[in-house]
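Novice: Just to be clear, the model below is a prediction. Sequence and coordinates:
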Amino acid sequence: MKFKIGIIGSGQMGTGISHVCALAGYETKIYDVIDIQLKNSIETTKNNLMRQVKKGIIKEEQIDEVLNRIKIVNTMDALSDVKIVIEAASEKEDIKIDVFKRLDKILPADSILATNTSSISITKIASTTMRPEKVIGMHFMNPVPVMKLVEIIRGLATDEATFSFVVDLAKDLGKEVSVSKDYPGFIANRILIPMINEAIFAYYEGIGTVEDIDKTMMLGANHPMGPLTLADFIGLDTVLYVLEVLYNNFRDPKFRPCPLLIKMVEAGYLGKKSGKGFYNYKK
Ligand SMILES: NC(=O)c1ccc[n+]([C@@H]2O[C@H](COP(=O)([O-])OP(=O)(O)OC[C@H]3O[C@@H](n4cnc5c(N)ncnc54)[C@H](O)[C@@H]3O)[C@@H](O)[C@H]2O)c1
C-alpha cells in the first residue's frame with residue numbers, strides 16, 4: 001500500500017504533479033484556494049490522460065483509475081494523513097511561508113514538506129517551520145507528465161532521510177533526478193531564465209521578430225522550443241518573479257528584467273495561461 005500525497009495549488013504544476021503521483025499509484029489529495037482551479041485541474045488531467053492513451057503511453061482503463069486516486073479537498077486540514085505534501089502554489093514568498101506554517105501545524109511531525117518553488121530559498125521556507133530538517137525542494141519541470149527531470153534541492157538543515165525519501169519518490173514517479181544546492185534559481189533557472197530574458201531583450205531592441213528569435217534557437221542551437229514560446233509556456237509572471245529573485249539576491253545587473261517583460265506582466269499578458277503572451281492562444 002503506497003502512502004498518501006498532498007498537493008497544494010492546482011495550477012499548471014500542481015495539476016501535473018497530481019497526475020504523475022496518481023498514475024504511479026499514490027492516493028493524491030489536491031487543495032487550492034480557488035474552487036474553479038480545482039475543477040479545471042481535474043478536467044486538464046483527464047485531457048492529458050486521454051492524450052497519453054492516444055500516444056500509447058497508458059491504457060484507456062487507467063484513466064478512471066488515475067482520476068479516482070485524485071481527491072479534491074477544500075481545507076488544508078484534510079491533508080493531516082499524508083506522508084508528504086508537495087506545494088505548488090503561486091510563486092510568492094509570503095504565500096509559501098503562510099502555507100508552510102499552516103502545514104507544519106496540521107501534519108504529523110515526521111511528514112515531509114516539499115516545495116516546487118522555482119526560485120525561493122528552501123532554507124528560508126524551512127526556517128519558518130518547526131521541522132526544517134523535513135523541508136526540501138522538489139522542482140518538477142513543465143509539463144510534468146512529459147518532462148523527465150526533478151531537481152532536488154536540499155536546504156541547509158534538510159536531513160539525509162528526507163533527501164533519500166524524495167529521491168526514491170521522484171524515481172517511483174518515473175523521473176530522473178539532479179541535485180542542486182540551495183542558491184537562487186538552483187541549476188535549471190539560474191541558466192534558463194537569464195537566457196529567456198536575453199531573448200526578450202533581443203526582441204525589445206528589434207534585433208529579430210518573435211518567430212525569428214525562436215527559430216534561430218530551435219534550428220541554430222538545437223533547442224526543442226524557442227525561448228519566447230518557452231516563456232509563454234512557463235508564464236511571464238513566473239519568469240519575471242524568478243528574475244527579480246536572481247537580481248535581488250545576487251545584486252548583479254546581468255539579471256535585470258527586460259522592461260518589455262515588466263510591461264507585458266503589467267498588461268496581464270502572462271503567456272499561454274492568460275491567452276496572450278509573445279503569441280496568441282485565444283481560439
Ligand atoms: N510554470 C512553470 O513552468 C513552473 C515550473 C517549475 C516550477 N514552477 C513553480 O510551481 C509553482 C506553481 O506554478 P504554476 O505555474 O503552477 O502557477 P499557477 O499560477 O498556474 O498556479 C498556482 C496555483 O496556486 C494557487 N494558490 C495560490 N495561493 C494558494 C494558497 N495559499 N493555497 C493553495 N493554493 C494557492 C492558485 O489559486 C493557483 O491555482 C510556483 O512555485 C512556480 O515557481 C513553475
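Specialist: Thanks, I have the structure now. Residues are numbered from 1 along each chain as shown.

Novice: Distance-wise, check whatever residue of the chain ends up closest to the ligand relative to Pro143.
Specialist: Nearest residue of the chain to the ligand: Gly11, at 1.8 Å (CB to the nearest ligand atom). C-beta here means a position set from N, CA and C on the backbone, and glycine is covered the same way. Distance of Gly11 to Pro143, computed by CB to CB, to the nearest Å: 12 Å.

Novice: With neighbour numbers in mind, choose between the two.
Specialist: Between Gly11 and Pro143, Gly11 has the larger neighbour count (other CB atoms under 10 Å), namely 20 against 14.

Novice: one step back: now for the residue of the chain closest to the ligand: which residues touch it?
Specialist: Residues near Gly11 by CB atoms under 8 Å, 6 or more residues apart in numbering: 32, 37, 41, 88, 90, 273.

Novice: Let's see that with 7 Å instead.
Specialist: By CB atoms under 7 Å, 6 or more residues apart in numbering, the contact set of Gly11 is 37, 88.

Novice: Phi and psi next, for it.
Specialist: Dihedral pair for Gly11: phi -80, psi -150, per degrees, to the nearest 10.

Novice: Look up the pLDDT of it for me, please.
Specialist: At Gly11, the model reports a pLDDT of 95.

Novice: Could you see whether the ligand lies near the top helix by length along the chain?
Specialist: Longest helix in the chain, counting residues (DSSP state H): helix 35-54. Yes: counting by CB under 6 Å from any ligand atom, the ligand is contacted by helix 35-54 at Gln37.

Novice: elements contacting that helix?
Specialist: Where contact means 3 or more CB pairs under 7 Å, 6 or more residues apart in numbering; DSSP states H and E, helix 35-54 is packed against helix 12-23, helix 62-69, strand 70-73.

Novice: by contact count, what packs against the second one?
Specialist: It stands for helix 62-69. Packing contacts for helix 62-69, counted by 3+ CB pairs under 7 Å, 6+ apart, involve helix 12-23, helix 35-54.

Novice: Apply 6 Å and report the result again.
Specialist: If you count contacts as 3 or more CB pairs under 6 Å, 6 or more residues apart in numbering; DSSP states H and E, helix 62-69 packs onto helix 12-23.

Novice: partners of whichever helix or strand comes after the helix it packs on in the sheet?
Specialist: Downstream of helix 12-23, the next assigned helix or strand under DSSP states H and E is strand 28-31. Strand pairing for strand 28-31, determined by DSSP bridges: strand 5-8 (parallel), strand 70-73 (parallel).

Novice: So which residues on the stretch 151-283 of the chain come close to the ligand?
Specialist: Going by CB under 6 Å from any ligand atom, the residues of the stretch 151-283 of the chain near the ligand are 234-235, 238, 273.
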